[in-house]
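Participant: sharing a model that was predicted from the sequence below.
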Amino acid sequence: MSERISLVEQLHGLPCSGVIAVTGGAALLLADLLTVSGASATVLEARVPYAAAALANFIGATPERACSVETACDMAMAAWTRALALDGAQPQHRFGLGCTASLATTARKRGEHHVHIALQTLAETRTWSLTLIKNARDRL
């Protein structure tokens with residue numbers, strides 16, 4: 001069993017459920033979460049606001065940068081609010097996850113390749129960021 005599948009199984013075993021919003025290269029996360037048994041206990045809804053207008057509509061404003069910690073936090077908060085709307089029972093067990101990524105593409109990129117993740121719960125907001133070395137791997 002791959003390490004990724006093992007991690008997803010551990011997530012599905014937690015007593016939490018929420019809404020996951022991803023954009024950019026982060027959309028691959030949804031495949032991992034939804035193809036492992038137990039997803040229906042974890043994922044209330046998955047959103048992919050990929051176009052700039054879709055992202056602005058989802059978070060309620062046009063972000064300064066689509067791939068940033070701030071945008072990931074805005075996505076996580078919008079996802080958490082949606083999770084509460086879908087299942088407001090036990091809000092301490094609901095989460096919103098926002099993930100945005102700027103990865104390899106067909107167009108030449110001037111900046112770094114980044115991934116920003118934010119997790120919103122009743123108790124806290126957590127963030128993680130990763131800068132990837134350009135041309136060290138493909139998009140997948």
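Facilitator: Structure received. None of the values given here were measured: they were computed from a predicted structure. Numbering: from 1, shown residues only.
Participant: C-alpha only now, for contacts and for neighbours.
Facilitator: OK.
Participant: could you point out the helix or strand that follows the helix or strand of the chain with the lowest mean pLDDT?
Facilitator: Scoring the helices and strands of the chain by mean pLDDT, DSSP states H and E places helix 28-34 at the bottom, with a mean of 87. Reading on from helix 28-34 to the C-terminus, the next helix or strand found by DSSP states H and E is helix 39-42.
Participant: just to revisit the earlier point, tell me what the least confident helix or strand of the chain is packed against?
Facilitator: helix 3-12 (3 or more C-alpha pairs under 8 Å, 6 or more residues apart in numbering; DSSP states H and E).
Participant: flag every buried residue along the helix it packs on.
Facilitator: Buried residues in helix 3-12, counted by 16 or more other C-alpha atoms under 10 Å: V8, E9, L11, H12.
Participant: and what of stretch 82-93?
Facilitator: Neighbour-count burial for stretch 82-93 [16+ other C-alpha under 10 Å]: R82, A83, L84, P91, H93.
Participant: show me where pLDDT drops low in the chain?
Facilitator: Within the chain, the stretches with pLDDT under 70 are 1, 103-111, 134-140.
Participant: buried ones in the longest helix belonging to it?
Facilitator: Across the chain, the longest stretch assigned as helix under DSSP state H is helix 69-86. Using 16+ other C-alpha under 10 Å as the test for burial, helix 69-86 gives 69-84.
Participant: how about stretch 31-42?
Facilitator: Here stretch 31-42 shows L33, G38, A39, T42 as buried, counting by 16+ other C-alpha under 10 Å.
Participant: could you dump these to TSV with distance to T62?
Facilitator: TSV is the format used below for the buried residues of stretch 31-42 (distance: C-alpha to C-alpha, whole Å):
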residue	distance to T62
L33	28
G38	34
A39	31
T42	29
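Participant: any idea which of the buried residues of helix 69-86 is closest to G18?
Facilitator: A83 (5.1 Å; C-alpha to C-alpha).
Participant: need the contact list for that closest one.
Facilitator: S17, G18, V19, L44, E45, R94, F95, G96 (C-alpha atoms under 8 Å, 6 or more residues apart in numbering).
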